[in-house]
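> Test case, fold it:
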Amino acid sequence: MPIGLRALLSLDIVASLLLVAGVLILRVVAIRFVRARAEMPAHIQRRSISAVKNGTLILLLVGLALIWAPQLRTFAL
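Residues are numbered from 1 along each chain as shown. Below you'll find the model as predicted:
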């Protein structure tokens with residue numbers, strides 16, 4: 001594997017790890033915020049938590065696709 005490719009892959013791996021860590025932290029904070037709202041009915045809390053989980057999953061998938069797009073394009077060709 002060429003040295004330039006290794007450096008590029010290591011940067012993508014670091015960016016991916018940072019993205020995953022950031023999204024997980026955002027998810028935990030948002031869920032705690034929703035659960036802390038005692039005046040919110042339980043069914044709305046469950047729906048809000050589900051929306052947070054789905055939103056962070058979509059954010060993670062889009063972010064990883066953007067980070068790895070050049071490598072995926074090279075692999076596909």
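> Need the three-state assignment for the residue positioned nearest the centre of the chain.
Closest to where the C-alpha atoms of the chain average out (CA atoms, centre = their mean) is L60, at 2.4 Å. Assigned with DSSP: H, G, I helix; E, B strand; the rest coil, L60 falls in the helix class.
> Output the contacting helices and strands for the lowest-mean-pLDDT helix or strand in the chain.
Counting by mean pLDDT, DSSP states H and E, the weakest-scoring helix or strand in the chain turns out to be helix 3-36, with a mean of 88. Counting contacts by 3 or more CB pairs under 8 Å, 6 or more residues apart in numbering; DSSP states H and E, helix 3-36 packs against helix 42-76. (Glycine included, C-beta is placed from N, CA and C.)
> now for the helix it packs on, which elements pack on it?
If you count contacts as 3+ CB pairs under 8 Å, 6+ apart, helix 42-76 packs onto helix 3-36.
> Buried ones in the helix it packs on, by neighbour count?
Buried positions in helix 3-36, judged by neighbour count with 16 or more other CB atoms under 10 Å: D12, L19, V23, R27, A30, I31, V34.
> Redo those residues as TSV? Include distance to A42.
What follows is the buried residues of helix 3-36, written out as TSV (distance: CB to CB, whole Å):
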residue	distance to A42
D12	42
L19	32
V23	26
R27	20
A30	17
I31	14
V34	11
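> nearest to T56, of these?
R27 (4.3 Å; CB to CB).
> My read is that the closest one contacts N54, right?
No. R27 is beyond contact range of N54, at 10.5 Å (criterion: CB atoms under 8 Å).
> Could you tell me which residues make contact with G63?
Contact analysis of G63 by CB atoms under 8 Å, 6 or more residues apart in numbering lists L19, V23.
> Give me the distance from stretch 34-50 to the chain's centre.
Taking the mean of its C-alpha atoms, stretch 34-50 sits 22 Å from the chain's own mean (CA atoms, centre = their mean, to the nearest Å).
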